[in-house]
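> Coordinates only, no sequence provided:
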């Protein structure tokens, strides 16, 4: 029997005719026996990069994974695709764990997901030493670094486990978020040997980005959801309290919403997550405790109720939309209080970690820089996609055509005179106060603090009284981005004059800012759903069939087929098994399981259409 090629494995088990950018290079590297690291954005297909080699290697592949939900989701998808897989974690009873280990020893499984805490337990280590392990894959590899987003000390035990094996297997590591420092930690702390490192484009062209600054976030959320009642989405909140309030408000409005945060019991979190995955609940309201590794392909929107603490978190969370490649939308509801809230949460998080004074100071400085970059994203009038990609070190066009700032209507305004007043105010205040005080002085506030400090006697007091507070804050942000102002660190950062300030104050420079025309919000960009030669009725019938099959097997609908696959079926209208295999997302396993009912439904629709 001939050995299948990597492309044959991709088509047979995963239903795709070609690899995505970066996948094939990583697969070839691992198959050659060399360690590899893949830095790929959410939705770029990281799992295929180690699952395809795993199916071509002779022995077992162990996948170290940090979350129970991630493991369950991955194994369920593998089994549906005809791959023998299992997971070993604390969700299994003692009897189930023993049975899984017996099956693993008997060679039943090709891919085994395991929690990092299990690696050095005597029982698992005994199994691993006696098994033929071809590869160890570290998923969510940024967890190994204390400078990463989700540091897990148990990840530091992985090299000890690998060293304990009789023969060192190939080691691969994958993550969606890795700054240069985290990337360096991944290479050193995991003790990788001469690894090939691939960093694919962070661009997700199918995602639409928009920042809104509503006076009432809950009312704005209702407005967004009203236009998306039939779609699946996630709403991220910064605190458990906000999750509870928003979820309750949505349920009272009749939305099929559920919640997820660390304050719930394990059983309730599991139930709520499954309700969302199985589409019994269309909206998940959650803290950032939800989402890592959740491979739900039909999430068509993500709303951030609060601004996240950094762009790494934001892009990873927003990237959970549109994993099926279909157009999806990412909304961020921003207010100035979000900045203070994040500073509070960051300070509290740092108090709970054991760092020496120097490391804590460095971490605080790094967190402040990330928070500032995230805040500037909320204020920028430049292309939002370009801003994100530039942050991750990637060059991008200045106009993407698929974000609020590119599709909205702007006009350039000369704010040179106002900018000089702002810089003068910062200078009069001896560069010792933050944005709020500068804005209050310029607007002519008569607050007790301003009068006590005698700031109402300054020449700049009230000089920009005709401007709203938000408008002045936008100008300050523009000056920060363009280098006319700088901002200190700490809980209450002060404004200072930037490197370009003197040129402006001497009249040797001019400042322009883009402002949105009118006060009305930018119309919501519609997601084009119609494919050439497709029919809405056929697509609806295929969705209904998928729902019946998912309920019969008690699995989420997207595990049967993604929305993208259904739309392709409605477009291509296959009537033979060979034609069905040409549909993206259809492999041999899916053809055998679901080919007959879907082909029959398409044939019936064609016959009914011809008669009509």
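Structure's in. What do you need? Please read these numbers as outputs of a predicted model, since none were measured by experiment.
> Secondary structure class of residue 150, three-state.
Assigned with DSSP: H, G, I helix; E, B strand; the rest coil, residue 150 falls in the coil class.
> can you tell me how far it sits from residue 225?
Going from residue 150 to residue 225 by C-beta to C-beta, to the nearest Å gives 29 Å. Every C-beta, even on glycine, is put in place using the N, C-alpha and C of the backbone.
> more neighbours, the two?
The residue with more neighbours, out of residue 150 and residue 225, is residue 225; 20 against 17, by other C-beta atoms under 10 Å.
> What average pLDDT does the helix or strand hosting the more buried one get?
Secondary structure assignment for residue 225, by DSSP states H and E: helix 217-226. What helix 217-226 shows for mean pLDDT is 95.
> and the next element down the chain from it?
Sequence-wise, the next helix or strand downstream of helix 217-226 (DSSP H and E) is strand 232-236.
> hmm, back to that, mind giving me the packing neighbours of the helix holding residue 225?
Packing contacts for helix 217-226, counted by 3 or more C-beta pairs under 8 Å, 6 or more residues apart in numbering; DSSP states H and E, involve helix 240-252, strand 299-304, strand 328-333.
> So which of the ones you listed is nearest residue 556?
Closest to residue 556 of those is strand 299-304 (C-beta to C-beta; 11.5 Å).
> Quick one: work out the angle between the closest one and strand 232-236.
Counting by axes from the mean of the first three to the mean of the last three C-alpha atoms, to 10 degrees, strand 299-304 lies at 20 degrees to strand 232-236.
> helices or strands up against strand 299-304?
helix 217-226, strand 232-236, helix 311-318, strand 328-333.
> go with 10 Å
Where contact means 3 or more C-beta pairs under 10 Å, 6 or more residues apart in numbering; DSSP states H and E, strand 299-304 is packed against strand 207-212, helix 217-226, strand 232-236, strand 283-286, helix 311-318, strand 328-333.
> what does the longest one contact?
The list of residues contacting helix 217-226 from outside it, by C-beta atoms under 10 Å, 6 or more residues apart in numbering, reads 210, 212-214, 216, 231, 233, 235, 237, 242, 245-246, 249-250, 253, 255, 257, 282-283, 285, 301, 303, 305-306, 329, 331, 333-335, 338, 521, 524.
> in stretch 414-428, what's buried?
415, 418-426, 428 (16 or more other C-beta atoms under 10 Å).
> can you tell me which of those are in strands?
Under the assignment DSSP state E, these contribute nothing to strands.
> and those as CSV, adding distance to residue 593 and pLDDT?
Listed next are the buried residues of stretch 414-428 as CSV, based on distance: C-beta to C-beta, whole Å; pLDDT from 0 to 100:
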residue, distance to residue 593, pLDDT
415, 62, 90
418, 65, 93
419, 64, 95
420, 69, 95
421, 69, 95
422, 64, 96
423, 67, 96
424, 71, 96
425, 68, 96
426, 66, 96
428, 73, 95
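> For the most far-flung residue of the chain relative to its centre, give its distance to residue 444.
For the chain, the largest distance from the centre (C-alpha atoms, centre = their mean) belongs to residue 457, which lies 49.1 Å off. Applying C-beta to C-beta, the value for residue 457 to residue 444 is 12 Å.
> so what sits against both of those two?
Common neighbours of residue 457 and residue 444 (C-beta under 10 Å, 6+ apart) are residue 450.
> for residue 136, helix, strand, or coil?
strand.
> where does the stretch 1-150 of the chain have low pLDDT?
Scanning the stretch 1-150 of the chain for pLDDT under 70 picks out 1-2, 148-149.
> in it, which spans are helices?
Secondary structure of the stretch 1-150 of the chain (DSSP state H, counting those that start in this stretch): helices at 6-9, 23-31, 46-56, 68-80, 94-105, 122-130.
> Listing request: residues of the stretch 451-600 of the chain with sub-threshold pLDDT.
Checking the stretch 451-600 of the chain against pLDDT under 70 turns up 489-492, 516-534.
> Contacts only, for residue 422.
415, 435, 438-439, 442, 460, 463-464, 472, 475-476, 478-479, 484-485, 495, 501, 504, 511.
> From the residues you listed, which land in helices?
Within the contacts of residue 422, residues falling in helices by DSSP state H are 435, 438-439, 442, 472, 475-476, 478-479, 501, 504.
> Kindly indicate which of the residues you listed lies nearest residue 574.
Using C-beta to C-beta, the ones in helices among the contacts of residue 422 come closest to residue 574 at residue 478, 53.7 Å.
> Okay, the closest one and residue 548: tell me how far apart.
For residue 478, the distance to residue 548 equals 55 Å [C-beta to C-beta].
> what about these two, which has more around it?
More crowded of residue 478 and residue 548, by other C-beta under 10 Å: residue 478, with 25 against 12.
> Now the phi/psi pair for the closest residue to the more buried one other than its chain neighbours, please.
Closest residue to residue 478 apart from its sequence neighbours, by C-beta to C-beta, 6 or more residues apart in numbering: residue 513 at 4.6 Å. Per-residue torsions, residue 513: phi -140, psi 140 (degrees, to the nearest 10).
> Which among the helices and strands packed on helix 217-226 is found nearest to residue 191?
strand 299-304 (35.7 Å).
> how distant is that closest one from the center of its chain?
Distance of strand 299-304 from the chain centroid (C-alpha atoms, centre = their mean, to the nearest Å) equals 10 Å.
> Next, the angle helix 217-226 makes with that strand.
Using the same axes, to 10 degrees: strand 299-304 against helix 217-226 is 170 degrees.
> I'd like the average pLDDT over strand 299-304.
For strand 299-304, mean pLDDT rounds to 96.
> What strands line up against that strand, and which way round?
strand 232-236 (parallel), strand 328-333 (parallel) (DSSP bridges).
> Which of these sits closest to residue 144?
Of these, nearest to residue 144 by C-beta to C-beta is strand 232-236, at 24.5 Å.
> what's the angle from the closest one to helix 311-318?
Using the same axes, to 10 degrees: strand 232-236 against helix 311-318 is 150 degrees.
> Quick one: work out the angle between strand 232-236 and helix 240-252.
150 degrees.
> what's the closest non-adjacent residue to residue 465?
Nearest one to residue 465, counting by C-beta to C-beta, 6+ apart, is residue 444 at 4.3 Å.
> Contact partners for residue 486?
Applying C-beta under 10 Å, 6+ apart, the residues near residue 486 are 426, 431, 479-480, 493-501.
> swap that for residue 184, sorry
Contact partners of residue 184, counting by C-beta under 10 Å, 6+ apart, are 145, 147, 178.
> my guess is the second one contacts residue 185, does it?
Yes: counting by C-beta atoms under 10 Å, residue 185 is a contact partner of residue 147 at 6.6 Å.
> Of these two, give the one with the bigger neighbour count.
Per other C-beta under 10 Å, whichever of residue 147 and residue 185 has more neighbours is residue 185, with 20 against 16.
> Would you indicate which residues of the strand or helix carrying that one are buried?
Assigned by DSSP H and E, residue 185 belongs to helix 180-189. If you call a residue buried by 16+ other C-beta under 10 Å, then helix 180-189 has these buried ones: 182-183, 185-187, 189.
> mind checking how far the nearest residue to residue 233 once chain neighbours are set aside is from residue 385?
The shortest distance from residue 233 to any non-neighbouring residue, by C-beta to C-beta, 6+ apart, is to residue 301 (4.0 Å). For residue 301, the distance to residue 385 (C-beta to C-beta) stands at 17 Å.
> same question, residue 287
Noted for residue 287: a distance of 26 Å to residue 385, by C-beta to C-beta.
> Which one of those two is surrounded by more residues?
residue 385 (25 against 19).
> quick one: contacts for the more buried one?
Residues near residue 385 by C-beta under 10 Å, 6+ apart: 202-205, 207-209, 396-403, 405-406.
> what do you get for residue 586?
Residue 586 makes contact with 11, 14-16, 561, 565, 568-569, 574, 577, 579-580, 594-595, 598 under the criterion C-beta under 10 Å, 6+ apart.
> cool, and residue 511?
413-420, 422-423, 475, 478-479, 482, 484, 500, 504.
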